[in-house]
Each structure stands twice: as C-alpha cells, then as structure tokens.
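[1] here is my input, please return the structure:
(2 chains)
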Amino acid sequence: MKASAFAYARATSVENALELLTVHGDKAKVLSGGQSLLPAMNLRLIAPELVVDIGDLAELRGVVVKGDVLAIGALTRHADLLKSAEIAAHAPLLMEAVAHVAHPAIRNRGTMGGSLAQADPASELPACMLALGATIIARGPDGERRIAANEFFAGIYETALTSQELLVAVELPVAAKSSTHFFHEFARRHGDYAIVGLAAQASVRDGRFTDLRLGFFAVGDRPLLAKSAAKLVDVALTPSVLADAASALSDELDPLEDQQATPAMRRHLAKVLLTRCVSSLLARPDLGAGVSV
Amino acid sequence: MTNTVAISLHVNGERVEASVLPRLNLADFLREHLKLTGTHVGCEHGVCGACTVRVNGDIVRSCLVLAVQAHHATVETIEGLSDSGEIADLQSAFRERNALQCGFCTPGMLMAAQDLLKQLPSPDREQIREHLSGNYCRCTGYQAIVDAIETTARLRSGCCHDL
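    As a prediction, the model looks like this:
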C-alpha cells in the first residue's frame, strides 16, 4: 500500500525542527532514516499530517569519544555504527548487536535515534542501551533533557519523549577494558525481528561476576533490564544458583503472544539465553550442559 | 497542506528536476515518473528487497525512501548498472546458472549482489546468503543465485578460468 497524503517539511536546524514540533505536536512525525516510520505509513498504521524530515541535520550525525563517554548522534546510521572504530573499541556489544539489525539496505538508512524513538520491543538497540547504562538526550521547547535508558522505554512504541521533543543523541560510558559482553537472539531468519534476544554487559573477576547487566528484548512490551541478574553477582556460580536466577527471571517476564511464539516459548528461550550467556561469559561449559532450545 | 515539493537529483548520471507529492516514494517516482520500471515494487514495506536501488552509493529500499528525501542525491537503478556494463558478468552468470525464473526479484538481487562484491570480493556462501537475506525470491530458489554470485566473485578475482 501507499502512505496517505501528508505535508512535508525539511528541517533546516534542530531549532527549526523543534519549532515545527511545538506548533504541530502529535499531528507531526519526525522522519529520520524512515525504516520504521515509512513501513508503518505505507501500511496505513499511522497517518501523520506533517512529516518533519531531520535527515539534513549533519550536526546530529557521528560518534565522538569525550573522556569516559561515547556520544552517538541520533542520525548516525546502523551502517555507520558498524564501520566505527570508536564503537568497536568502546562499545563492542553495540557493534555485535547492530549486525543483527535487519539487512544491509535497511542498515544503510536506519538510524540510532530512530530505532530508540520507535521503541519496538523486539528491536536490538533499546536492550543494548539498558545493558550499557545509556543516557538518552532529548531537546524540546524548554531545552535539553537527559533520560536514563531504564526510564526511557515506556511500552510498545512508547517512550518518555513528548511529541514536542527530539531525540538528539545517546551517551554511553566507555566500556572498561576488563568488561566483557554477550549478544544472542533467536530469529527465524538472520535480520528478522527477534523472537527473544539478550544483550549483556559484564565484569568478571576470579571466575565470578562483579557486575552483570542483562538487557532482554522481545520478552514483553518493552526491553527489560533483568533484576534477577543480581542473584548471579558476587557468588560462586553453581547449577542451583543459576536455576534460582532463571526462576526469578521468569517472574520478571511478561511475554506477548504473536504469530512467532507463545509466551511459554518466549519464557523458555529467555532461560536458554540466560544459561548460555552465563556459561559463555564465565567460560563454564558445565553450567550450559543440558540446555537445549 | 500537501503541496508538491520541487526536487533535483541525479538518476543514472542524468540530472532530473521534478515536482512531487511528499507521499510519493522513490520506487514509484522511478517507475511512474521516469519510466524506469526495472525497479520492482513488491511488498511496499521493506521486506522483499525487489525495489533495491543505490542512493549515494549505498543500496537502499526505494519503497522506504520518499522521493523528496532523494533531493540532491545520486540514484542508480538496475537500468544504470546494466547500461554501464558494471554488472554484465553478474547478469551473464545469472543467465548461465538459471538464477532467475519469473525475474521479479532479479533487479534487487543483482543490486544486492553487486553491493556485496564491491565490499567483499571473495565472499563465502554464508556471507553471500547473509548479504542477500533481505531479498526474497519466490520461484527459482536461492541455491542458483548464490552459485551465480560465487562464480562471478571467482571470475572477478582472476581465478578458475575453466568456470
């Protein structure tokens, strides 16, 4: 299908984009890479009166390291992230995750900010933001607002952004040299939305986790930073400790039913991912023994 | 409110000026306005890959790009790559290997395959499959397509003259 008629404005600056959003509010939609917005418009799931195209705002593009902080502009494309030496060095989890986002032709247009503002619960980058402890930076009529990732995602396609705000950048702490990560998702075909996925960032010392952040996706109406990870930190990992954490994880999940999987299947797969993640990060194949999909 | 917007872009080396409605996507602009019907429109929501074209050197889904977003861009379609001879060997390999049946997916397959071979001259079959993962074929199947791309890669790298 084709999108219904709409008016179009090519923003000339962030200020200009904010002026347009202030006037038009929720009747307007921000167009970044368009790889989620345009399918939704073509399918007539949404029909904005005005599309504000921010694609020309070069100041929103790029990756910069400032001290211990990695700043990523909202318009930075998935393809740019994959080629970025700064991302490879300082956020290897993100690098690994982006390779799972859709297909090359989509990654050439889709943007970091667009993916986060879209807040699809099955997409990879929101869960990475939770695991990496990101701060999302929005600008609105009253200036800049910094939102912790775990307060940003509010539901299916819902975020803490108001209709007058623009997501301009993301800040991540530079990954410590000693930290490690795990990423895996189950999907029917490489590049499809995940059935269930896990993005994890951890610190390990003497065979124990000193920190573990588990960002699950496609397990509910928003990405989940699992509280049950705390059960695995600063303890000697045994199969029973892991089983206890897996059971606590199951209580945290509220999986949706769709054509891809039942809630029960998603719970099972989340448990499989937890086990694989822990056994991989601690190099303890014994903990993963007997777990099958 | 929904007035036309003036755009200026380069398509297959030619400068194009047009006035288009914002809702018009690039695929329909190429097909309906410029009569470049080699770019196919399948699903219209970015899943099938039949509408793949190059914008500023990168492959994209032209059903997920508005024509107004292509203002000042350089667009290359299957007609451009075909006429310039850039993919003559790839097209030949597709014919030789029967890597098409109805042909609907073929322009998108060729665009994606050429994109891969430019970035990775000697891909293995898994890398070929990964790069084409966003392009659907509903009749011939994928084995012959992967074969044709693999053959082209070998010939371009100067090995295997007997292929």
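
[2] domain parsing for the chain?
    In the absence of a named chain, this looks at chain A. Under the assignment automatic domain parsing, the domains of chain A span A:7-53, A:58-173, A:180-287.

[3] my question was about chain B, not that one.
    In the assignment given by automatic domain parsing, the structural domains of chain B cover B:5-78, B:87-156.

[4] of those, flag the one that's most buried.
    Highest mean neighbour count among the domains of chain B (mean count of other CB atoms under 10 Å in any protein chain shown): domain B:5-78, with a mean of 20. Glycine gets a C-beta too; all of them are placed from N, C-alpha and C.

[5] tell me which other helices or strands the host helix or strand of residue A:211 touches.
    Assigned by DSSP states H and E, residue A:211 belongs to strand A:208-217. Judged by 3 or more CB pairs under 8 Å, 6 or more residues apart in numbering or on different chains; DSSP states H and E, strand A:208-217 is in contact with helix A:124-132, strand A:196-205, strand A:224-225, helix A:263-281.

[6] quick one: closest of the domains of chain B to residue A:206.
    Nearest of the domains of chain B to residue A:206, taken as CB to CB: domain B:87-156 at 37.4 Å.

[7] tell me the gap between the closest one and the middle of its chain.
    Centroid separation between domain B:87-156 and its chain, computed with CA atoms, centre = their mean, to the nearest Å, is 11 Å.

[8] tell me how far the residue of chain B found nearest chain A lies from residue B:153.
    Per CB to the nearest CB, residue B:134 is where chain B lies closest to chain A, at 2.7 Å. Taking CB to CB, to the nearest Å as the measure, residue B:134 falls 19 Å from residue B:153.

[9] dihedrals phi and psi, residue A:167?
    Main-chain dihedrals, residue A:167, degrees, to the nearest 10: phi -70, psi 120.

[10] right, and it touches residue A:138 too?
    Yes - at 5.4 Å, residue A:167 and residue A:138 qualify as touching, with contact defined as CB atoms under 8 Å.

[11] so those two - more neighbours on which side?
    Each of residue A:167 and residue A:138 has its neighbours counted (other CB atoms under 10 Å in any protein chain shown); residue A:167 has more, 26 against 23.

[12] give me every residue that touches the more buried one.
    Taking CB atoms under 8 Å, 6 or more residues apart in numbering or on different chains as the criterion, residue A:167 is in contact with A:74, A:113, A:116-117, A:136-138, A:161.

[13] list the contacts for the most centrally placed residue in chain B?
    The residue lying closest to the centre of chain B (CA atoms, centre = their mean) is residue B:111, at 3.0 Å. Counting by CB under 8 Å, 6+ apart, residue B:111 touches B:52-54, B:59, B:78, B:81.

[14] now do 6 Å
    Counting by CB atoms under 6 Å, 6 or more residues apart in numbering or on different chains, residue B:111 touches B:52, B:59.

[15] name the SS class of residue B:53, please.
    strand (DSSP: H, G, I helix; E, B strand; the rest coil).

[16] how much space separates it from residue A:108?
    As defined by CB to CB, residue B:53 lies at a distance of 11 Å from residue A:108.

[17] what parts of chain B come near chain A?
    Taking CB under 6 Å from any CB of the partner chain, the part of chain B that reaches chain A is made up of B:1-2, B:5, B:22-23, B:44-46, B:52, B:58-61, B:64, B:68, B:131, B:133-134.

[18] picking that back up, out of the contacts of residue A:167, which are inside helices?
    A:113, A:116-117 (DSSP state H).

[19] ok, so of these, who is nearest residue A:132?
    So of these, ranked by how close each gets to residue A:132 (CB to CB), first place is residue A:116, at 12.2 Å.

[20] just the pLDDT for that closest one.
    We have a pLDDT of 98 for residue A:116.

[21] can you get me a residue count around it?
    Residues near residue A:116, counting by other CB under 10 Å: 24.

[22] so what's the residue count around residue A:119?
    23.

[23] before we move on, the earlier item: please work out the angle formed by the directions of the strand holding residue A:211 and helix A:263-281.
    Using axes from the mean of the first three to the mean of the last three CA atoms, to 10 degrees, the direction of strand A:208-217 lies 150 degrees away from that of helix A:263-281.

[24] give the rounded mean pLDDT of strand A:208-217.
    Per-region confidence: strand A:208-217 scores 98 on mean pLDDT.

[25] what's it in contact with?
    A:127, A:130-131, A:197-203, A:223-226, A:229, A:232-233, A:270.

[26] got it, and stretch A:282-290?
    Counting by CB under 6 Å, 6+ apart, A:242, A:275-276, A:278-279 sit against stretch A:282-290.

[27] could you dump those residues to a markdown table with pLDDT?
    Putting these into a markdown table (pLDDT from 0 to 100) gives the following:
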| residue | pLDDT |
| --- | --- |
| A:242 | 96 |
| A:275 | 97 |
| A:276 | 97 |
| A:278 | 97 |
| A:279 | 96 |
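
[28] just among those, which is most surrounded?
    Busiest of the contacts of stretch A:282-290 [other CB under 10 Å] is residue A:278, holding 25 neighbours.

[29] now do the contacts for that one.
    By CB under 6 Å, 6+ apart, the contact set of residue A:278 is residue A:287.

[30] follow-up on the earlier one: mind giving me the ChimeraX command for buried ones among the contacts of residue A:167?
    The following ChimeraX line selects those of the contacts of residue A:167 that are buried, judged by 16 or more other CB atoms under 10 Å in any protein chain shown:
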select /A:74,113,116,117,136,137,138,161
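
[31] out of the contacts of residue A:167, which is nearest to residue B:107?
    For the contacts of residue A:167, the nearest to residue B:107 is residue A:113 (31.3 Å; CB to CB).

[32] surely the closest one touches residue A:72?
    No - taking contacts as CB atoms under 6 Å, residue A:113 lies outside contact range of residue A:72: 8.5 Å.

[33] ok so, going back, now the ones in helices among the contacts of residue A:167 in a markdown table, with distance to chain B?
    Converted to a markdown table, the ones in helices among the contacts of residue A:167 look like this (distance: CB to the nearest CB, whole Å):
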| residue | distance to chain B |
| --- | --- |
| A:113 | 16 |
| A:116 | 18 |
| A:117 | 16 |
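
[34] list the buried residues of stretch A:153-173.
    In terms of neighbour count (16+ other CB under 10 Å), stretch A:153-173 has its buried residues at A:153, A:157, A:159, A:161, A:164-173.

[35] go on, stretch A:284-291?
    A:284, A:287-288.

[36] can you tell me which of those are in helices?
    Counted as lying in helices by DSSP H, out of these, are A:287-288.

[37] in JSON lines, list the buried residues of stretch A:284-291 along with pLDDT.
    Below are these laid out as JSON lines (pLDDT from 0 to 100):
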{"residue": "A:284", "pLDDT": "94"}
{"residue": "A:287", "pLDDT": "90"}
{"residue": "A:288", "pLDDT": "83"}
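
[38] now the strands for the chain?
    I went with chain A, as the question did not name one. A:7-10, A:28-31, A:50-53, A:63-66, A:69-73, A:135-140, A:143-148, A:153-155, A:158-159, A:166-173, A:179-186, A:196-205, A:208-217, A:224-225 (DSSP state E).

[39] I was thinking of chain B, sorry if that wasn't clear
    Going by DSSP E, chain B shows strands at B:5-11, B:14-20, B:52-55, B:58-61, B:74-76.
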